[in-house]
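[1] Below: sequence and its predicted model.
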Amino acid sequence: MTGRTEETGLAGIPRGGKRMSRRNLFYRETSSSIELVHANTLISEGSRCRKQQQQQEKQKRSAAAAAAKTAKTAKTARTARTGGARANFM
């Protein structure tokens, strides 16, 4: 969505015909130009970024959980081998 000005015609009316109210248009500065952006596009882009962040967090969490699980199984096996107070399965 960088530098595409043909998306909105005169007075913020897109070529598709659906009229955007002027109230919901924002100016966004890109590296090369300043463009008019509708609030809905900003919102959708924000949610997309948020989804990606959530996915990354989920991956990190699952990796941490897997590491913890392997550590725990190793520990229980060790206690079972040494005849610890804890039973091998709990």
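    Now that the structure is in, tell me what you want to look at. Numbers count the residues shown, from 1 in each chain.

[2] can we go C-alpha only for contacts and neighbour counts from here?
    OK.

[3] which stretches of this protein aren't confidently modelled?
    The model of the chain has pLDDT under 70 over residues 1-23, 74-90.

[4] List the buried residues in stretch 36-49.
    36-38 (16 or more other C-alpha atoms under 10 Å).

[5] can I get the residues you listed in CSV with distance to A63 and secondary structure?
    Shown next, in CSV, are these (distance: C-alpha to C-alpha, whole Å; DSSP: H, G, I helix; E, B strand; the rest coil):
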residue, distance to A63, secondary structure
L36, 42, strand
V37, 39, strand
H38, 39, strand
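
[6] so where do the strands sit in the protein?
    All strands of the chain, identified by DSSP state E, fall at 25-29, 34-38.

[7] Any chance of TSV for those strands, columns distance to A68?
    Converted to TSV, those look like this (distance: least, C-alpha to C-alpha, whole Å):
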stretch	distance to A68
strand 25-29	45
strand 34-38	46
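
[8] Counting neighbours, what do you get for I34?
    13 (other C-alpha atoms under 10 Å).

[9] Tell me the bridge partners for it.
    Beta bridges link I34 to E29, judged by DSSP bridges.

[10] That one contacts R28, correct?
    Yes - here I34 reaches R28: they are 5.6 Å apart, a contact under C-alpha atoms under 8 Å.
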